[in-house]
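Asks: Here is the input, now give the coordinates:
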Amino acid sequence: MTIEITQNTNRKPAIGAGEWRSLLKLVGLMAVANGKLVKEDVDAFQDAMMELRVVVDPTLVMTRKMLKDWFIYNIDELKAVVNGLEYDSELLAIFKQIRSFPFKLDVATAMMRVGIADGDYGDMEKMFMKKTILYWNMRSNEQPAHVTERAASKAFI
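Replies: Numbering: from 1, shown residues only. This is a model prediction of the structure:
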């Protein structure tokens, strides 16, 4: 007996392209925030986004190569945000785009992983993390959405 497995193409994606762009930008800002870009930052960005993909939408086709290409293509824009005086406006635009996103703690964790990847957790990285946590009103006792869902499903077993 063989089982044919196919992807449900009629399924609505968990989030749209605009939300993914905002997530990529938010996590990408952490890689360039301290003013110097090293391989560890890019690797951490790729790792963090691949993990977010698994949590948010495992059926999404996203590769490390695609993420690296996105990063290289957008690095000047990311640096302009970090070096500009209007990063608050840029962050607010990002937060507005993903206001109802259910995996905020996972995003904050991804940001932190990228921020500390090079061993230099600088002032801009701390500021981006602080603004993200404050804007999303995150509490210290919150757990990532996928952990909470898993715990809830075990409660009914």
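
Asks: Show me which positions of stretch 26-43 end up buried.
Replies: Applying a neighbour-count criterion of 16 or more other CB atoms under 10 Å, the buried positions in stretch 26-43 are 26-34, 37, 41-43. Heads up, the C-betas are built off the backbone N, CA and C, glycines and all.

Asks: cool, stretch 75-93 as well?
Replies: Going by 16+ other CB under 10 Å, stretch 75-93 has these buried residues: Leu78, Val81, Val82, Tyr87, Glu90, Leu91.

Asks: contacting residues around that stretch?
Replies: With CB atoms under 8 Å, 6 or more residues apart in numbering as the test, stretch 75-93 has contacts from 25-26, 28-29, 31-33, 35, 37, 124, 128, 131-132, 135.

Asks: can you name the two of those that are farthest apart?
Replies: Pairwise distances across those (CB to CB) peak at 25.2 Å, for the pair Leu37 and Tyr135.

Asks: Give me the spatial nearest neighbour of Ala14, chain neighbours excluded.
Replies: Counting by CB to CB, 6 or more residues apart in numbering, Asp57 is the residue found nearest to Ala14 once chain neighbours are left out, at 4.0 Å.

Asks: Tell me how many other residues crowd that neighbour.
Replies: Close neighbours of Asp57, defined as other CB atoms under 10 Å, add up to 15.

Asks: That one reaches Ala17, doesn't it?
Replies: No. Counting by CB atoms under 8 Å, Asp57 sits too far from Ala17 to count as a contact (11.6 Å).

Asks: thinking again about what came up before, so how far is Asp43 from the residue nearest to Ala14?
Replies: For Asp57, the distance to Asp43 equals 22 Å [CB to CB, to the nearest Å].

Asks: okay, Arg99: pLDDT?
Replies: The score at Arg99 is 87. That number is its pLDDT.

Asks: repeat for Pro13
Replies: The confidence metric pLDDT takes the value 71 at Pro13.

Asks: Repeat that for Lys65.
Replies: The pLDDT attached to Lys65 in the predicted structure is 96.

Asks: Helix or strand: which one has Asp47?
Replies: Remark: Asp47 resides in helix 39-56, with elements defined by DSSP states H and E.

Asks: Sweet, I'm off.
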